[in-house]
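In: with the input below, show me the fold.
(chains A and B)
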There are 2 protein chains.
Amino acid sequence: MSKLIVGMVGFGVVGSSVCKTLLQNRAIINARAGKEIVLKSVVVRDKAKAEEKLKALNAQQVKVSDNIDDILEDSEIEVVIELMGGVEFAYQIAQKALLAKKAFITANKAMLAYHRYDIAPLAKGLPVGFEASVCGGIPIIRVLKDGLSANHIIAIAGILNGTSNYILTQMQQHNRDFQKALLEAQALGYAEADPTLDINGGDAGHKLLILASLAYGIHAMPEDILIEGIEGIKPDDIAFAKEFGYVIKLLGIAKKQDNQVELRVHPCMIKKGAMISKVDGVMNGISVVGDCLGESMYYGAGAGGEATASSVVSDIIAIARGESAAMLGFERTLDDTNHLRLKNKDEIYSRYYIRLYVSDKPGVLGQVSQILGKHNISISTFLQRQSDEEQNNVAKMLFSTHHCYEKDINGALAELVKFDFIIQNPYKIRIED
Amino acid sequence: MSKLIVGMVGFGVVGSSVCKTLLQNRAIINARAGKEIVLKSVVVRDKAKAEEKLKALNAQQVKVSDNIDDILEDSEIEVVIELMGGVEFAYQIAQKALLAKKAFITANKAMLAYHRYDIAPLAKGLPVGFEASVCGGIPIIRVLKDGLSANHIIAIAGILNGTSNYILTQMQQHNRDFQKALLEAQALGYAEADPTLDINGGDAGHKLLILASLAYGIHAMPEDILIEGIEGIKPDDIAFAKEFGYVIKLLGIAKKQDNQVELRVHPCMIKKGAMISKVDGVMNGISVVGDCLGESMYYGAGAGGEATASSVVSDIIAIARGESAAMLGFERTLDDTNHLRLKNKDEIYSRYYIRLYVSDKPGVLGQVSQILGKHNISISTFLQRQSDEEQNNVAKMLFSTHHCYEKDINGALAELVKFDFIIQNPYKIRIED
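Out: Coordinates of the predicted model:
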């Protein structure tokens, strides 16, 4: 049996899980690959730490180096696996690996969000695997590239971040407030010490951009798309959602209409019966609507060492088999879709939920509804209640609207906030039916 | 752009959907395939009917023949797509196509259930695509072959038949009895005029065998495995399930333990929270547990012309790309798993729900529990109620048991049925926790 020799840059949780999987499942992996997969070297900053981990895995035969050239200049190594994170330095590794004619595998969504279209032309037929970059172990890259290849993708709606989904699930099923749920997530290891990218939607945005390239060939950067996080969600919003049969989820949404694609990440109220609404806790789920297939959904662990290693190793196996687990997917959609353009954020057309805390005095509702009307916003449901916040004489007004434009809702809220009777910044959540 | 020319045998609902998809999504399909896909000929029994359908699709350029040799002897045709159903004749088509050195694509689960291991040696490197044979448009074949290739598959539990899932959903959510739900399914076109294979578990059994070959290399025939349908389920069973937080689903289950694999299709009580329990109506869903990934689930339309065409066309595209959407998957698992053997049905170890209708007289419960005890069956929960059936002095006894062996439960029920106090044949449903 011939060998496929691989080198790895970075040896953290995912890296050591890849090493462990290659050893533990060696027989089945080699059988499926048709080659013996050999992890020859890892490149790390802290050699002693890596050596310790390799010892614990009984994998002392793996060489440890702190010099990337030890992999790039090793002509035996045919595949470079980048698992170090970060953007620019990881991109340099990709460039160097491909220039050295080595296949490249990465789990790095942030790097791909910024540089996926820079990498594609460097590949020149070399495989570039990135199954692990979106939703850990769920094989969603292959689903879009291969499984659904006959379909125009009409829409994607994904729970792409397990940390925020855990927090929202705790808030909705166990009446936690945001801060408490976040602390719990951190205590359980579901959230980093700095959870910013998880809760502000940034991580989900990176993943959405990768999916959008596969589905639509859309060449956008994170800054180009609407990204909002879950930090502002309050128990009042959850109570409203429950009352009207909704569940609140942080969704990454891609939708094609005519020659425009909208890409956005934000909390959403979705109907309780929708399959994606049932994805709870740290799990991820991606609903994909194709023009032939209709809706399909893919559910599983979106993070964690072993789940992510499952995807990294599946890319190694595909490369060993000579199949193109390649970034080619981006170009392959282009012939038909290069006329697609990213929809302007202002043109997003949606239903909205609006939460206002107002002074509890006569005439406020009249003024609010007048301003909404002026901005072409028509109310669908309305709830007013005494606030259970500490202050007295504060009322909360909770609306849902009919469909309207993002620019109109933003205009209305910007006008409202100037009034004295508005106690807190107005808050909105989009409603997806 | 070079061409990939395909011929099709059978031109029913799926066949004409494949033709329609190839035409409608031509630009994107050709871009993704890297070749122009051309459907050149269809072979059918009724030429006039096919010509009419092709006319409706504005596809008169497709040749119609009632002679299979018109495809087999056409050296331009590189791919034969079999969409006619049936077992032996379809198998002959597969043999002839592969002998003629043409790639072969099929949506035919019944044929594969019996002949998949006969076809594999004939392929000799020729691609054999069968994504459409299991769960229509859900790309579950690729998931097992590629996406989860790093994993030992610990278990598969699938809702593999939409008709029976529709009937069970109607029974549970709308209080229909079996007959009424079946009639509804037929009226809506979800069930055939002869729904036997859908409701008796046969169709799900065919699909399970294909999945088991990919996951475990298990070479079994439908007759070798436990297959039960949903015909016997009554409102009493559904009421019991609801009371104890279960949902009843027809599952195809594959489970590996040590060097044994159990394969079985039967109604199951599964916990309401489980993701697979949320797959309702005609939809299909497959939960797969891998040793790296943990649980993942795949959800979508398991039948219907367009959904199935989505999979057929994805196989054509994979063949055009030179990727092996091939039956090779079966051998690829063998090196590691050819020591696996099919578990004997009697050795299945499960929890059970038991329904007895008995004469409402003293001492019956004592006799029943004595017999269960004698067969090593220990009761977990017990409900006794007056029957709402017409007869008076009939009581229904509904049990759930702790784990026990299939042979013991069958022994106990066979003994019970001899007693006069048993009014109807005892009925059991396995409980999966």
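
In: mind giving me the domain split of chain A?
Out: By the assignment in the TED database, chain A contains the domains A:3-138+A:306-321, A:144-301+A:338-342, A:345-431.

In: export those domains to JSON lines and append columns for mean neighbour count.
Out: Just so you know, the C-beta spots here come from the backbone N, C-alpha and C atoms, and that holds for glycine as well. Formatted as JSON lines, the domains of chain A follow (neighbours: other Cβ atoms under 10 Å in any protein chain shown):
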{"stretch": "domain A:3-138+A:306-321", "mean neighbour count": "21"}
{"stretch": "domain A:144-301+A:338-342", "mean neighbour count": "21"}
{"stretch": "domain A:345-431", "mean neighbour count": "16"}
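
In: now do the SS call for the closest residue to A:Ala191 other than its chain neighbours.
Out: Of all residues not flanking A:Ala191 in the chain, A:Ala185 sits nearest, at 3.9 Å (Cβ to Cβ, 6 or more residues apart in numbering or on different chains). Three-state call for A:Ala185 (DSSP: H, G, I helix; E, B strand; the rest coil): helix.

In: within the helices and strands, which one has the spatially most central residue of chain A?
Out: What sits nearest the mean C-alpha location of chain A, by Cα atoms, centre = their mean, is A:Ala204, with 2.6 Å. Element membership of A:Ala204 [criterion: DSSP states H and E] is helix A:202-216.

In: that helix - contacts with which helices or strands?
Out: When contacts are defined as 3 or more Cβ pairs under 8 Å, 6 or more residues apart in numbering or on different chains; DSSP states H and E, helix A:202-216 sits against helix A:109-123, helix A:140-142, strand A:153-159, strand A:226-227, strand A:246-257, strand A:260-271, helix A:328-332.

In: list of residues touching the first one?
Out: Residues from elsewhere that reach helix A:109-123, judged by Cβ atoms under 8 Å, 6 or more residues apart in numbering or on different chains: A:82, A:85-87, A:90-91, A:94-95, A:98-99, A:104, A:106, A:128, A:130, A:133-134, A:203, A:205-207, A:209-210, A:213, A:219, A:221-222, A:326-328, A:330-331.

In: low-confidence ranges, the stretch 301-433 of chain A, go.
Out: A:324-338, A:388-391 (pLDDT under 70).

In: strands of that one, start to end?
Out: For the stretch 301-433 of chain A, the strands defined by DSSP state E, counting those that start in this stretch cover A:341-342, A:349-359, A:379-386, A:394-401, A:404-405, A:427-432.

In: of those, give the one that comes closest to B:Asp360.
Out: strand A:379-386 (52.3 Å; Cβ to Cβ).

In: can I get the closest one in CSV, CA atoms only?
Out: The C-alpha trace of strand A:379-386 is given here as CSV (Å, rounded to 0.1, in the frame of the first residue of the first chain):
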residue,chain,number,x,y,z
ILE,A,379,-48.1,46.8,12.4
SER,A,380,-49.1,43.1,12.5
THR,A,381,-49.3,42.4,16.3
PHE,A,382,-48.9,44.6,19.3
LEU,A,383,-48.5,43.9,23.0
GLN,A,384,-48.2,46.5,25.7
ARG,A,385,-47.3,45.6,29.2
GLN,A,386,-46.1,47.2,32.4
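
In: neighbouring strands for it, and are they parallel or not?
Out: Partner strands and pairing direction for strand A:379-386 (DSSP bridges) are strand A:394-401 (antiparallel).

In: related to what we said a few turns ago, mind checking the pLDDT average for the helix holding A:Ala204?
Out: Rounded to a whole number, the mean pLDDT of helix A:202-216 is 96.

In: and the residue sitting furthest away from the middle of chain A, how far from chain B?
Out: Most distant from the centre of chain A: A:Pro362, at 44.6 Å, with distances by Cα atoms, centre = their mean. Computed with Cβ to the nearest Cβ, to the nearest Å, the distance linking A:Pro362 and chain B is 47 Å.

In: list the residues that contact that residue.
Out: For A:Pro362, the contact set (Cβ under 8 Å, 6+ apart) is empty.

In: contacts only, for the nearest residue to A:His152 once chain neighbours are set aside.
Out: With sequence-adjacent residues excluded and distances taken as Cβ to Cβ, 6+ apart, A:His152 is closest to A:Asp291, at 4.4 Å. For A:Asp291, the contacting residues are A:151-154, B:24-25, by Cβ under 8 Å, 6+ apart.

In: which ones are touching A:Thr232?
Out: Just to correct that, residue A:232 is Gly rather than Thr. With Cβ under 8 Å, 6+ apart, A:Gly232 has these contacts: A:Tyr427.

In: where's it, which helix or strand?
Out: Per DSSP H and E, there is no helix or strand for A:Gly232.

In: thinking again about what came up before, what residues are up against the residue nearest to the centre of chain A?
Out: Applying Cβ under 8 Å, 6+ apart, the residues near A:Ala204 are A:158, A:160-161, A:164, A:227, A:250, A:252, A:265.

In: let's go with 10 Å and repeat that
Out: A:109, A:134-135, A:158-161, A:163-165, A:197-198, A:227, A:229, A:250-253, A:265-266, A:284, A:302 (Cβ atoms under 10 Å, 6 or more residues apart in numbering or on different chains).

In: up against chain B, what does the stretch 1-150 of chain A have?
Out: A:1, A:17-18, A:20-22, A:24-34, A:37, A:131, A:135-150 (Cβ under 10 Å from any Cβ of the partner chain).

In: which residues of the stretch 51-200 of chain A fall in helices?
Out: In the stretch 51-200 of chain A, the helices defined using DSSP state H, counting those that start in this stretch lie at A:69-72, A:88-99, A:109-123, A:140-142, A:162-173, A:178-187, A:196-199.

In: alpha carbons of the last one, as PDB, please.
Out: This means helix A:196-199. As requested, the backbone C-alpha atoms of helix A:196-199 are provided in PDB (Å, rounded to 0.1, in the frame of the first residue of the first chain):
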ATOM      1  CA  THR A 196     -16.800  38.100  21.100                       C
ATOM      2  CA  LEU A 197     -16.800  36.400  17.700                       C
ATOM      3  CA  ASP A 198     -19.200  33.800  18.800                       C
ATOM      4  CA  ILE A 199     -21.900  36.100  20.300                       C
END
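
In: quick one: contacts of that helix?
Out: By Cβ under 10 Å, 6+ apart, helix A:196-199 touches A:109-110, A:161-168, A:178, A:182, A:185, A:190-192, A:202-206, A:229-231, A:250, A:303.

In: just the first one next, same as before
Out: Applying Cβ under 10 Å, 6+ apart, the set of residues contacting helix A:69-72 from outside is A:6-9, A:40-43, A:63-65, A:77, A:79-81, A:93, A:96-97, A:99-100, A:102.

In: what mean pLDDT does that helix have?
Out: For helix A:69-72, the per-residue pLDDT averages 96.

In: next one: the third one
Out: Per-region confidence: helix A:109-123 scores 92 on mean pLDDT.

In: and it with helix A:88-99, angle?
Out: 30 degrees (axes from the mean of the first three to the mean of the last three Cα atoms, to 10 degrees).

In: so how far is helix A:109-123 off the chain centroid?
Out: 16 Å (Cα atoms, centre = their mean, to the nearest Å).

In: now the helices and strands packed on helix A:202-216 in TSV, please, with extra columns for distance to B:Ala309.
Out: Converted to TSV, these look like this (distance: least, Cβ to Cβ, whole Å):
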stretch	distance to B:Ala309
helix A:109-123	30
helix A:140-142	19
strand A:153-159	16
strand A:226-227	35
strand A:246-257	20
strand A:260-271	24
helix A:328-332	20
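
In: for B:Ser378, which of those is the nearest?
Out: That would be strand A:246-257 among these, by Cβ to Cβ, at 39.6 Å.

In: say whether chain B is contacted by the closest one.
Out: No. Using Cβ under 10 Å from any Cβ, strand A:246-257 stays clear of chain B, coming no nearer than 11.6 Å.

In: what pairs with that strand, parallel or antiparallel?
Out: strand A:153-159 (antiparallel), strand A:260-271 (antiparallel).
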